[in-house]
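*Asks:* okay, structure incoming, though there's no sequence with it:
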DNA sequence: AATTACCATAATAAATACCTTATAGTTGTT
DNA sequence: AACAACTATAAGGTATTTATTATGGTAATT
């Protein structure tokens, strides 16, 4: 059977009004046009749908079935149109974001604000490590990823949108705490607790040290940021971490920032997508929102986006 | 939005296979034909439905919605086709019959047999009086009506399919019971309990009496057959009723048939439909079944379809 | 660098879908 | 018998749809 929506639309009107002429008027058509559509539909169904007894029209049993089908299908089409319309106007939709664990803190705040502006949008947030993020991008499993500078050999489009200052922190009792300016030479004498080799932060730090021709002595390396801060709190060594992950520790004064020459190291947070990816309307809006609002959001939460010099 | 079933069909294949070329093969089309259909569908939706990242295809959010819609609509279409197919092959459908109350007894038996032959068909039976039956026909509210000879001034098509013998019955103790042959002259001396004026039976009886130039003395008239039989059982007078309504009373010997000259009066049961009515497949079959099987059904139930002469 | 697997685009031909006007035929009513 | 209200049918034209082949471009693979 090979019906057309046109046939269904015309049939619906005729079945409802039980009058070809009035249906034709309603559809702004000539009456024979209606007759033809009905005839074709009956040919498709290979059975009469409408019968005329005297002057009055009646639906046959199959006609009733067809009427139900026509109404149901047309209603579904209206629903579809509405859904699509809402998706386009951001009244509906789903946003899939993945973020590096170190970015978790401020991204949650950013998303919180964004969700308030777009209350009908549902959001899923995946917090995971750098390797997984690249995997997710590769499988096209999310709209956007927020992470440190992505590797160049992947086919990705990335935009830096916020400074990510790395600062040196220590146990509050450390002798360097409170000094106006610690020299890099002095810093080099210290031992560090750091992220594992291959992490973005670790490479950035190593590059910084080698650029300044000083040695970088590691005491321990750990696979997550939380563990590093813990180690520093226990005075197992100095740590170099993103300022954005320090809010709690600074407030509770379990860690202090050390004022070191040439610090903070300025890295950036990037918003990343697959090359060629066509963003959904809501993802486009979120990307713009992030690029515009990120700094403001950080400041509003009393979080210096850069460390004091 | 003005989609076509073709677009949906092609889109369904592409969305399922995520591969234009394979979809084209499945649909026995060239690959560009598929590209075009998808393109047109995307134009209708005014938003991308499929995105290509590297070599792989993905559905967009709207694409997923469209996929759901396509599958649902196509499934409904299959359901519709199946329903229509079943209706055509009598594996499904509904039969609406209306019968005169006096025909009730044997029509129920007829329908019982018919229902066993067509177990998937549902049946509704309306048992009512002659006036209502004509009304029902006028409003095209049923497929077929079974009744006595319908009036000629209605636009109806009717076929007699079974003799309807009217016999004289009385209380078993009546003096005429058991006589070899009662003359019409003697009968004329009796008083009768009869149907109301305007009923089919009543007119038939009156015509019979006047044709034979004898008087017809009524004692009481009543609006239904059951009441008449009751009155005769109570010896309030003789009754002239359809033999087909007497099964119980004869078996229980609460009424006896009187053997009267020129009786039984032979009327007929008619199967009636509106002029020009196109019967549904199942109604056509029922009409044929009735015309062929009615006599046999009556006999099988040990019901003489004609009174003994 | 060449190859392979895909999808997009262009040009073009054939089919068909769709609508209109004009006209004829029915049915029920006055 | 004439009329009014409807639907069916026929003829004809236009626009749309649908497909084909040929060709070009892109991304991953060898």
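*Replies:* Right, received. Where do you want to start? Just so it is clear, the structure is predicted and the values come from calculations on it, not from any experiment.
*Asks:* okay, strands next: where are they in chain A?
*Replies:* Secondary structure of chain A, counting by DSSP state E: strands at A:50-53, A:56-59, A:94-100, A:122-128, A:144-147, A:156-170, A:192-195, A:218-222, A:238-242, A:256-258, A:265-274.
*Asks:* save the ones you listed as CSV, and put in mean neighbour count too.
*Replies:* Backbone N, C-alpha and C define where each C-beta goes, glycine included. Below are the strands of chain A laid out as CSV (neighbours: other Cβ atoms under 10 Å in any protein chain shown):
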stretch, mean neighbour count
strand A:50-53, 18
strand A:56-59, 16
strand A:94-100, 22
strand A:122-128, 14
strand A:144-147, 25
strand A:156-170, 20
strand A:192-195, 23
strand A:218-222, 15
strand A:238-242, 26
strand A:256-258, 22
strand A:265-274, 20
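*Asks:* mean pLDDT lowest where, among these?
*Replies:* Per-segment mean pLDDT for the strands of chain A reaches its minimum on strand A:218-222, at a mean of 84.
*Asks:* what angle separates it from strand A:238-242?
*Replies:* Per axes from the mean of the first three to the mean of the last three Cα atoms, to 10 degrees, the angle that strand A:218-222 makes with strand A:238-242 is 40 degrees.
*Asks:* packing partners for strand A:218-222?
*Replies:* Secondary-structure packing of strand A:218-222 (3 or more Cβ pairs under 8 Å, 6 or more residues apart in numbering or on different chains; DSSP states H and E): strand A:192-195, helix A:225-233.
*Asks:* next, count neighbours for the residue of the stretch 1-150 of chain A found nearest DNA strand C.
*Replies:* Taking Cβ to the nearest atom of the strand, DNA strand C has its nearest neighbour within the stretch 1-150 of chain A at residue A:54, 2.2 Å off. If you count neighbours by other Cβ atoms under 10 Å in any protein chain shown, residue A:54 ends up with 11.
*Asks:* any idea how far it lies from residue B:154?
*Replies:* Relative to residue B:154, residue A:54 is positioned 11 Å away (Cβ to Cβ, to the nearest Å).
*Asks:* can you check residue A:251 too?
*Replies:* Taken as Cβ to Cβ, the span from residue A:251 to residue B:154 is 95 Å.
*Asks:* residue contacts, the residue nearest in space to the middle of chain A?
*Replies:* The residue lying closest to the centre of chain A (Cα atoms, centre = their mean) is residue A:97, at 3.1 Å. Residue A:97 makes contacts with A:107, A:111, A:123-126, A:142-146, A:286, as judged by Cβ atoms under 8 Å, 6 or more residues apart in numbering or on different chains.
*Asks:* kindly report the same for residue A:262.
*Replies:* Contacts of residue A:262 by Cβ under 8 Å, 6+ apart are A:184, A:212.
*Asks:* pLDDT score for it?
*Replies:* On pLDDT, residue A:262 comes in at 90.
*Asks:* please state the backbone phi and psi of it?
*Replies:* Main-chain dihedrals, residue A:262, degrees, to the nearest 10: phi 70, psi 0.
*Asks:* from residue B:131, how far out is it?
*Replies:* Distance, residue A:262 to residue B:131, using Cβ to Cβ: 107 Å.
*Asks:* interface residues of the stretch 151-300 of chain A facing chain B?
*Replies:* A:155, A:274, A:276-278, A:280 (Cβ under 8 Å from any Cβ of the partner chain).
*Asks:* tabulate those (a markdown table), appending distance to DNA strand D.
*Replies:* Listed next are these as a markdown table, based on distance: Cβ to the nearest atom of the strand, whole Å:
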| residue | distance to DNA strand D |
| --- | --- |
| A:155 | 6 |
| A:274 | 9 |
| A:276 | 6 |
| A:277 | 11 |
| A:278 | 13 |
| A:280 | 20 |
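*Asks:* how about the closest residue to residue A:166 other than its chain neighbours, what does it touch?
*Replies:* Distances taken as Cβ to Cβ, 6 or more residues apart in numbering or on different chains place residue A:265 nearest to residue A:166, at 4.3 Å, with adjacent residues excluded. Neighbouring residues of residue A:265 by Cβ under 8 Å, 6+ apart: A:165-166, A:204-205, A:208, A:240.
*Asks:* contact residues of the stretch 1-150 of chain A facing DNA strand C?
*Replies:* Contact residues, the stretch 1-150 of chain A versus DNA strand C (Cβ under 7 Å from any atom of the strand): A:4, A:6-7, A:28-30, A:32-33, A:36-37, A:40, A:53-55.
*Asks:* for the buried ones among the residues you listed, write the corresponding ChimeraX selection.
*Replies:* Buried members of these, defined by 16 or more other Cβ atoms under 10 Å in any protein chain shown, are picked up in ChimeraX with:
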select /A:7,29,37,40,53
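*Asks:* ok, so of the residues of the stretch 1-150 of chain A next to DNA strand C, who is nearest chain B?
*Replies:* residue A:53 (5.4 Å; Cβ to the nearest Cβ).
*Asks:* pairing partners for that closest one in the sheet, please.
*Replies:* Here residue A:53 sits in beta bridges with residue A:56, going by DSSP bridges.
*Asks:* now the closest residue to residue A:164 other than its chain neighbours: how far from DNA strand D?
*Replies:* Leaving out its chain neighbours, the residue that sits closest to residue A:164 by Cβ to Cβ, 6+ apart is residue A:267, at 4.4 Å. For residue A:267, the distance to DNA strand D equals 28 Å [Cβ to the nearest atom of the strand, to the nearest Å].
*Asks:* which ones are touching residue A:267?
*Replies:* A:148-149, A:163-166, A:200-201, A:204, A:242.
*Asks:* between those residues, which is closest to DNA strand C?
*Replies:* Closest to DNA strand C, out of all of the contacts of residue A:267 and judged by Cβ to the nearest atom of the strand, is residue A:149, at 27.5 Å.
*Asks:* all the helices of the stretch 1-150 of chain A, in order from the start?
*Replies:* Listed in chain order, the helices of the stretch 1-150 of chain A (DSSP state H, counting those that start in this stretch) span residues A:5-17, A:20-26, A:31-45, A:61-88, A:104-117, A:130-138.
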